[in-house]
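Colleague: this one's sequence-less:
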């Protein structure tokens, strides 16, 4: 059974703490939609597919999967070194090293790598909130 931020988490958190849901949603949307439409040295690129793959991969790491998403995109778009980096930062941030940061996307700008960090940390926060809010929902019913 799907329990999503858009359909369940947002409304519950707004019911428990008015306006907090809106603030969190805006925070998630700003990071998710942040783009210069560039990848490395290529301009005018639609990065939404890549951003969605990163977001959904983080959720997948925490056991959240969406029926309407093709997870084959994750394997197509995220190279192994990036997946390792994402999993390490999301699950074991204390084990993250500068070398790991340097290993993925070697030809990319630092701003693009920082955006990856922002994406994965916000996706991680949303995943944690979904688990907590789902537990609250079960308790309330």
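Modeller: Received it, and whenever you're ready, just let me know what you need. If you're wondering where the values come from, they're calculated on a predicted model, not measured in any experiment. Numbers count the residues shown, from 1 in each chain.

Colleague: Please count neighbours and contacts with C-alpha atoms only from this point.
Modeller: OK.

Colleague: show me where this protein has helices.
Modeller: 10-16, 20-33, 48-61, 72-77, 80-91, 98-103, 110-140 (DSSP state H).

Colleague: deepest of those helices, which one?
Modeller: Most buried of those by mean neighbour count (mean count of other CA atoms under 10 Å) is helix 48-61; its value is a mean of 20.

Colleague: Counting by contacts, list what that one packs against.
Modeller: On a contact count with 3 or more CA pairs under 8 Å, 6 or more residues apart in numbering; DSSP states H and E, helix 48-61 meets helix 20-33, helix 72-77, helix 80-91, helix 110-140.

Colleague: if you set the cut-off to 7 Å instead, what comes out?
Modeller: helix 72-77, helix 110-140 (3 or more CA pairs under 7 Å, 6 or more residues apart in numbering; DSSP states H and E).

Colleague: I'd like those helices laid out as CSV, including mean pLDDT and distance to residue 7.
Modeller: Listed next are these as CSV, based on pLDDT from 0 to 100; distance: least, CA to CA, whole Å:
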stretch, mean pLDDT, distance to residue 7
helix 72-77, 96, 23
helix 110-140, 95, 11
